[in-house]
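Peer 1: return a 3D structure for these sequence lines:
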Amino acid sequence: MKVEVEMREGKKEIEMPEGFTGEDLLKKLGLAPDSVLIIVNGEPVPYKEKINGNKIRIIRVVSGG
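Peer 2: Numbers count the residues shown, from 1 in each chain. The predicted structure follows:
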């Protein structure tokens with residue numbers, strides 16, 4: 001299934017298998033789960049859950065002290 005992923009760098013369309021999780025998506029994009037938020041339909045989705053949608057937004061998170 002094709003999904004559209006929007007990130008700071010722009011939008012890209014990638015092919016993912018049915019029933020993929022946020023973790024699967026992050027691995028394909030080469031991103032660490034603790035450095036991003038996955039947003040589907042305006043709601044954050046835990047990276048271990050299945051993604052139910054084809055338009056996904058990835059937001060990079062920065063922390064410091």
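Peer 1: just the helices in this structure please.
Peer 2: 22-29 (DSSP state H).
Peer 1: point out where this structure drops to low pLDDT.
Peer 2: The chain contains residues with pLDDT under 70 at 65.
Peer 1: repeat the analysis, applying 90 as the threshold.
Peer 2: 41, 62-65 (pLDDT under 90).
Peer 1: quick one, strands of the protein?
Peer 2: Counting by DSSP state E, the chain has strands at residues 2-7, 10-15, 36-40, 43-44, 55-60.
Peer 1: who wins for proximity to Glu23 among those?
Peer 2: Among these, the nearest to Glu23 by C-beta to C-beta is strand 36-40 (9.5 Å). Every residue, glycine included, has its C-beta placed from N, CA and C.
Peer 1: what packs against that closest one?
Peer 2: helix 22-29, strand 55-60 (3 or more C-beta pairs under 8 Å, 6 or more residues apart in numbering; DSSP states H and E).
Peer 1: out of these, which gets nearest to Val40?
Peer 2: strand 55-60 (5.6 Å).
Peer 1: ok, back up a step: make a markdown table out of the helices and strands packed on strand 36-40 and add mean neighbour count.
Peer 2: Shown next, in a markdown table, are the helices and strands packed on strand 36-40 (neighbours: other C-beta atoms under 10 Å):
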| stretch | mean neighbour count |
| --- | --- |
| helix 22-29 | 16 |
| strand 55-60 | 15 |
